[in-house]
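> give me a model of this one.
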Amino acid sequence: MTGTFPSAAFSRELIAGLALHGVRDYVLCPGSRSGPLAHALAAAARPDRPENAPEIELHVRIDERAAGFLALGIAKARAAAGDAAPVAIVTTSGTAVGNLMPAVMEAHHSGVPLLLLTADRPGELKGVGANQTTDQVGLFDSFVRWSVESAAPTEREGDGRAARMAARAVDAAMGTESEHDTLPGKGPVHLNLDFRAPLQDDGGPWPVLISHREPEPRGRWRASGIFDAFAGGPAPLPAKRRGIVIAGDGAGDDARRLAETHRWPLLAEPTSGARAGECCIPGYLAFLRSDRGRTVAGEATIVVVVGRPTLTREVQELIGKAKDLRIAAHGARWKEAPRHATRVEETVPDEWFQLAKDAPAPDDVWLGYWQAAPAPRPDPWGADAVAVELAASLAAGDLCVVGSSGSIRALDRVAPAWDPASAPVLIANRGLAGIDGTVSTAMGAALACDRPVTAVMGDVTFLHDVGGLLVGPRERRPDLRIVVVNDGGGRIFGMLEHSGADPANVERVFITPHGVNLAPIAAAYGASYAEVSDAESLRAALAPAPAGVEIVEVLLPGAGAGADGDERRGA
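Numbering: from 1, shown residues only. Take a look at the predicted model:
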């Protein structure tokens with residue numbers, strides 16, 4: 001390894017190695033110990049980058065927690081566009097590393113490839129009370145696909161250690177690591193990098209790297225242990241007339257095709273990527289909650305789950321009572337598939353799209369029961385009405401980031417069954433279904449797209465990550481419209497069993513009203529702001545494409561008092 005300063009030369013080789021294997025997006029948080037990486041990334045991100053330096057996209061943020069979710073959003077949007085690749089996050093040592101945990105947990109459970117490049121003190125400064133030093137090794141434990149502590153580089157180094165580490169990190173993050181009997185799939189990877197001073201740039205050359213390994217084929221994993229009954233290759237689905245296809249988060253178009261092949265009703269969540277086509281039942285939730293719907297659902301002889309459904313208890317009950325349950329593409333949490341499943345597959349097998357030789361004619365009466373379910377009727381002015389207007393504003397291929405609380409459930413209740421050729425793309429953080437980092441996730445998704453993006457979330461979700469609006473003057477600002485549905489707190493708890501308690505207690509410890517005026521917040525972060533309180537004004541606000549970052553606050557009944565104590569319109 002050439003170069004005056006070992007840490008600087010090592011960092012250049014690591015970044016070059018990551019870029020060689022497809023990593024082009026980097027989110028950097030400022031810090032001194034991570035300086036060697038920061039200098040390398042800053043140089044590579046310049047239009048006049050040094051000779052042999054890779055072309056990369058660099059985003060700088062001051063908050064590591066927001067940075068983690070920004071990277072998550074970039075990775076999700078890349079995957080939604082069919083261009084999945086890991087996104088790297090760079091931090092200094094200490095609490096900076098701990099702030100990545102929420103995004104790492106979500107990435108682990110939703111199968112999003114992230115690379116955590118965390119700087120650390122060299123061995124001689126660990127365990128001796130050195131400033132800003134803690135035990136970072138193994139910090140993320142079971143939430144990462146692979147982790148390694150990299151000893152501080154020395155002047156004697158020159159065997160390509162950084163490049164090899166980069167290649168294995170990408171393999172592990174993309175789920176192509178081959179050292180395990182069952183492949184864990186995509187997810188986060190942690191490289192804890194010891195750096196010894198000097199930490200500054202040395203102006204040294206960038207290495208020329210050549211990949212000497214072929215990507216390893218993933219193949220189909222075979223379940224083991226409690227899944228031994230699933231051994232063997234996939235086979236066509238059994239010849240049953242009354243089936244149901246449930247499309248959960250990340251199911252993709254395979255779920256729609258599967259339902260239409262067998263003429264079975266399709267119950268598709270908004271972020272499934274399958275809420276489209278003639279078999280899709282947009283009013284399935286209200287139907288399942290009716291006496292008629294429960295009776296009809298009880299007649300199902302097979303239930304096929306594609307993706308990971310998480311939104312409603314009714315769907316979970318349907319899965320739990322399935323007489324014959326088949327699961328495919330359950331995502332990063334395939335080990336948590338229901339124990340009574342007859343079959344669990346990593347992806348939807350081609351054989352499932354083939355009708356069995358003894359398959360009877362499709363039961364159009366069965367499908368007709370579901371298609372006769374009445375279309376949902378949104379309230380005159382509430383969360384469902386907002387979801388109707390939002391869904392109507394989305395054109396073919398539009399990307400919408402949805403908050404994981406009331407907003408996604410409202411869309412589940414009222415969003416239509418789109419035409420497959422004109423469906424938008426909806427994504428959400430459904431790995432752990434938390435409200436953490438939703439603003440930052442939307443920012444990242446918008447930065448990864450070449451077109452404007454819309455996000456919709458509740459007021460609590462927005463305030464939880466309001467720091468995600470911070471974009472420095474030297475950073476690229478996306479075209480992003482954030483629709484904040486303000487009903488004065490966490491009203492979703494009013495739909496749960498907690499609602500039967502003392503109203504004052506429920507309001508204080510569950511609904512948590514805040515009385516925050518969002519207009520000054522938007523101004524402080526340089527975002528435009530509009531306030532709407534009826535369907536017509538919301539429709540007008542959603543009509544033009546966003547330019548820069550825009551906040552549209554939708555005031556619903558219950559929005560409560562603003563910061564000045566005056567009642568807000570629509571409350």
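> check contacts around the residue found closest to residue 301 once you drop the neighbours it is linked to in the chain.
Counting by C-beta to C-beta, 6 or more residues apart in numbering, residue 240 is the residue found nearest to residue 301 once chain neighbours are left out, at 4.5 Å. In this view, the C-beta of every residue, glycine as well, is placed from N, C-alpha and C. Contacts of residue 240 were listed using C-beta atoms under 8 Å, 6 or more residues apart in numbering, and they are 301, 302, 324.
> tell me who's in contact with the second one.
Think residue 302. For residue 302, the set of contacting residues under the criterion of C-beta under 8 Å, 6+ apart consists of 237, 238, 240, 242, 243, 244, 322, 323, 324, 325, 326.
> got JSON lines for those residues, with distance to residue 189 too?
Formatted as JSON lines, the entries for these read as follows, by distance: C-beta to C-beta, whole Å:
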{"residue": "237", "distance to residue 189": "36"}
{"residue": "238", "distance to residue 189": "40"}
{"residue": "240", "distance to residue 189": "42"}
{"residue": "242", "distance to residue 189": "44"}
{"residue": "243", "distance to residue 189": "39"}
{"residue": "244", "distance to residue 189": "37"}
{"residue": "322", "distance to residue 189": "36"}
{"residue": "323", "distance to residue 189": "40"}
{"residue": "324", "distance to residue 189": "38"}
{"residue": "325", "distance to residue 189": "33"}
{"residue": "326", "distance to residue 189": "31"}
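> are any of those buried, and which?
Among the contacts of residue 302, those classed as buried by 16 or more other C-beta atoms under 10 Å are 237, 240, 242, 243, 244, 322, 324, 325, 326.
> and the fourth one, bridged to which residues?
Translated: residue 243. residue 302 (DSSP bridges).
> what is the mean pLDDT for the host helix or strand of residue 551?
Remark: residue 551 resides in strand 549-555, with elements defined by DSSP states H and E. Mean pLDDT, computed over strand 549-555, is 98.
> for that strand, which strands pair with it and how are they oriented?
Paired strands of strand 549-555, with direction, are strand 480-486 (parallel), strand 528-532 (parallel) (DSSP bridges).
> how about residue 176, secondary structure?
Under DSSP: H, G, I helix; E, B strand; the rest coil, residue 176 falls in the coil class.
> and it, how many neighbours?
As a burial measure, the neighbour count of residue 176 was computed by other C-beta atoms under 10 Å and equals 16.
> can you put the contacts of residue 240 in JSON lines and add pLDDT and distance to residue 492?
Listed next are the contacts of residue 240 as JSON lines, based on pLDDT from 0 to 100; distance: C-beta to C-beta, whole Å:
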{"residue": "301", "pLDDT": "95", "distance to residue 492": "34"}
{"residue": "302", "pLDDT": "96", "distance to residue 492": "32"}
{"residue": "324", "pLDDT": "96", "distance to residue 492": "33"}
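> just those now: which is nearest residue 378?
Nearest to residue 378 among the contacts of residue 240, counting by C-beta to C-beta, is residue 302 at 32.6 Å.
> let me see the domain layout of this protein.
The chain breaks down by automatic domain parsing into domains covering 6-194, 239-371, 383-555.
> next secondary structure element downstream of the longest helix seen in the chain?
In the chain, taking DSSP state H as the definition, the longest helix is helix 64-80. Scanning the chain past helix 64-80 towards its C-terminal end, the next helix or strand to appear is strand 87-91 (assignment: DSSP H and E).
> any idea of the mean pLDDT for that next one?
Averaged over strand 87-91, pLDDT sits at 98.
> show me which residues of the helix or strand that comes right after it are buried.
Note on strand 87-91: by DSSP H and E, the next helix or strand toward the C-terminus is helix 95-98. Neighbour counts over helix 95-98 (16+ other C-beta under 10 Å) mark 96, 97, 98 as buried.
> let me know the secondary structure of the residue nearest to residue 301.
At residue 240, secondary structure determined by three-state DSSP is coil.
> for residue 366, see how far away it is.
When distance is defined by C-beta to C-beta, to the nearest Å, residue 240 is 10 Å away from residue 366.
> go on, residue 313?
From residue 313 across to residue 366, the span is 24 Å (C-beta to C-beta).
> higher neighbour count, the two?
Neighbours per residue, other C-beta under 10 Å: of residue 313 and residue 366, the larger number sits with residue 366, 20 against 10.
> that's all I had, so thanks and see you.
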